[in-house]
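Asker: I need the structure of the sequence given here:
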Amino acid sequence: MLDRNNYLRPLTLLLTVASMTPGCYDAEALRTKHQASVQVTHMEEIDLGAFQVTLPHVLGSATDSVVEFHAFGHVDGADRGKVTRVLETRGAELRSRMLISVRAMNDAAFDEPKLTTLRHAIADTINGALEKKLVKKVGFYHFAFNTM
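Answerer: Model prediction:
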């Protein structure tokens, strides 16, 4: 015969532990993390173009620097059409602005492990032509920084 205490003991332990653990998590932090992960899954990549930029020559230096990259941007799926339209209609202007912003950087910006400065410059250039910040993140299909 089974003893009733054999069933009550684990149940009592479970209820005791459950009553002691409310508040052991931060609901707002969990909600924020979930929203961020959902937002990333709804993002789409847009090709921002390939660039080859020769940086300005530094007087007294025997070397010149060349930056080559092919960038893409993450945008919300609903905003893909707007960004694509701006890239098509204002492509030459954006390309010119991109070259100016990249040439304004120093060599140290291209040695950063995550290329944060370059990523922000690209996003700021593209978002500057849009009404809102539609390009959320920038990545690279290809990146090379060479000195000659």
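Asker: need the per-residue pLDDT for Lys133.
Answerer: You'll see Lys133 listed with a pLDDT of 93.
Asker: what's the answer for Asn5, then?
Answerer: As predicted, Asn5 sits at a pLDDT of 64.
Asker: what about Glu131, which SS state?
Answerer: Assigned state for Glu131: coil (three-state reduction, DSSP: H, G, I helix; E, B strand; the rest coil).
Asker: can you offset everything so residue one is 53?
Answerer: Yep, numbering from 53; the last one is Glu183 now.
Asker: count the residues that sit near it.
Answerer: 8 (other Cβ atoms under 10 Å). C-beta coordinates here come from the backbone N, C-alpha and C atoms, glycine included.
Asker: roughly how far apart are it and Arg142?
Answerer: Distance of Glu183 to Arg142, computed by Cβ to Cβ, to the nearest Å: 13 Å.
Asker: check Leu111 too.
Answerer: For Leu111, the distance to Arg142 - Cβ to Cβ - is 35 Å.
Asker: so which of these two has more stuff around it?
Answerer: More crowded of Leu111 and Arg142, by other Cβ under 10 Å: Arg142, with 15 against 5.
Asker: what separation do you get for the closest residue to the more buried one other than its chain neighbours and Phe103?
Answerer: Leaving aside its chain neighbours, Arg142 sits nearest to Ala181 (5.5 Å; criterion: Cβ to Cβ, 6 or more residues apart in numbering). From Ala181 across to Phe103, the span is 16 Å (Cβ to Cβ).
Asker: same check, this time on Asn58
Answerer: 72 Å.
Asker: more neighbours: which of the two?
Answerer: Here Asn58 and Phe103 are compared on neighbour count by other Cβ under 10 Å; more neighbours surround Phe103, at 15 against 8.
Asker: walk me through the domains of this protein.
Answerer: Structural domains annotated on the chain: 56-89, 95-199, as defined by automatic domain parsing.
Asker: most packed of those domains?
Answerer: domain 95-199 (a mean of 15; mean count of other Cβ atoms under 10 Å).
Asker: end-to-end on it?
Answerer: Start-to-end span of domain 95-199 (Cα to Cα, to the nearest Å) is 35 Å.
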